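Participant: Give me coordinates for this.
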Amino acid sequence: MSTSVPLIVRLLASSVSVAGRAGKIVRDVMSKGELGIVEKAKDDYQTEADRSAQRCIIASLSAQYPKINIIGEEDNPDNEGDVCSDWLTIDADKEVLRLECPSELQGIKEEDIVVWVDPLDGTSEYTQGFLEHVTVLIGISVNEKPVAGVIHQPYYKNVGSENKTGRTIWGLQEIGVGGFTPAPPPNSLIITTTRSHSNPVVEKALQVMNASQILRVGGAGFKVLQLLEGKASVYVFASPGCKKWDTCAPEAILSAAGGKLTDILGHNYKYGASEPRPNKTGVLAAVNADLHNYALNRIPQELKEKLANK
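Facilitator: Next up, the predicted model:
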């Protein structure tokens with residue numbers, strides 16, 4: 001790979017390729033039928049696919065970018081350093097390599113970058129067979145801000161191409177989104193929210209939206225894809241359940257498409273290496289600023305305070 005290509009563009013191109021390789025690992029584990037499920041905490045599961053996909057991503061990116069700080073969801077998965085050669089990829093997406101790098105990112109060094117990895121977003125859905133909800137997320141942050149990201153769907157069915165399973169969507173600030181073309185929001189207000197982590201505060205935040213429909217699905221990556229695909233207007237989750245690796249890549253891609261992702265209070269999350277992992281004040285996202293402002297203004301102040309004081 002040519003070092004004349006700016007670092008952020010090279011890293012994004014590498015992330016697109018390695019996300020696809022991780023997606024194949026996710027499919028391979030499922031096809032073998034030995035998921036190796038571990039309950040890390042109440043309603044928080046890890047499978048062999050989570051562990052293996054993370055080893056693939058971290059090993060592949062670390063080999064090429066040794067000074068970048070990479071933070072994965074799965075803390076010290078078994079045999080972190082023991083990665084079979086078949087999992088290692090040094091490929092880079094050729095389309096991404098041709099992108100123009102935004103001027104403010106051209107002088108970035110490896111030490112300035114934090115990569116947030118969720119090797120299998122939607123683990124609960126993965127174990128239950130809701131495979132279309134599953135995504136691989138790689139988010140790239142610079143100076144605490146998400147600037148680029150990759151969402152790979154291992155089980156996406158490509159119409160007209162029976163031999164190809166999966167798709168990869170990427171975004172880069174000021175450049176836009178690749179892998180598909182974002183669609184306009186639906187004519188009526190449709191909310192996407194959690195499928196498996198609801199509570200009274202979450203439900204109250206949904207009730208005040210006056211939505212025509214509420215979609216309950218798994219995974220932050222899949223919810224943001226619903227916004228980008230025009231299937232939903234707003235993503236509302238008034239709970240501290242999400243983590244930085246859940247939202248870094250989706251926020252970067254949504255922002256590149258003109259959307260907005262914040263917490264329920266309207267504040268931006270920071271993605272520096274020393275930041276707390278949990279997104280304690282929930283998630284509020286929309287495909288444009290007007291829809292985001294509408295949703296933000298609908299949420300009662302007492303509900304915002306309740307969440308902020310948890």
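Participant: What sits closest to Ser62 if chain neighbours are left out?
Facilitator: Ile70 (6.4 Å; Cβ to Cβ, 6 or more residues apart in numbering). Using the backbone N, CA and C atoms, a C-beta is placed for each residue, glycine as well.
Participant: for Arg27, same thing?
Facilitator: Nearest to Arg27 is Pro154, by Cβ to Cβ, 6+ apart, at 5.3 Å.
Participant: how about stretch 92-102: buried residues?
Facilitator: For stretch 92-102, burial by neighbour count (16 or more other Cβ atoms under 10 Å) applies to Ala92, Asp93, Val96, Leu97, Leu99, Cys101, Pro102.
Participant: So what's the gap between whichever helix in the chain runs longest and the chain middle?
Facilitator: When the chain is parsed with DSSP state H, its longest helix is helix 7-32. Centroid separation between helix 7-32 and its chain, computed with Cα atoms, centre = their mean, to the nearest Å, is 13 Å.
Participant: re the thing from before, the host helix or strand of the residue nearest to Ser62 packs against which elements?
Facilitator: Here Ile70 sits within strand 69-72, counting by DSSP states H and E. Contacts defined by 3 or more Cβ pairs under 8 Å, 6 or more residues apart in numbering; DSSP states H and E place strand 69-72 against helix 48-64, strand 113-121, helix 244-256.
Participant: Please identify which of the ones you listed is closest to Arg298.
Facilitator: helix 244-256 (19.5 Å; Cβ to Cβ).
Participant: the inter-axis angle of the closest one versus strand 113-121?
Facilitator: 110 degrees (axes from the mean of the first three to the mean of the last three Cα atoms, to 10 degrees).
Participant: Quick check: which of the helices and strands packed on strand 69-72 is nearest to Leu206?
Facilitator: Each of the helices and strands packed on strand 69-72 has some distance to Leu206 by Cβ to Cβ; the shortest is helix 244-256, at 18.9 Å.
Participant: ok and that closest one relative to helix 7-32, angle-wise?
Facilitator: Using the same axes, to 10 degrees: helix 244-256 against helix 7-32 is 120 degrees.
Participant: State the next helix or strand along the chain beyond helix 244-256.
Facilitator: Next along from helix 244-256, by DSSP H and E: strand 260-262.
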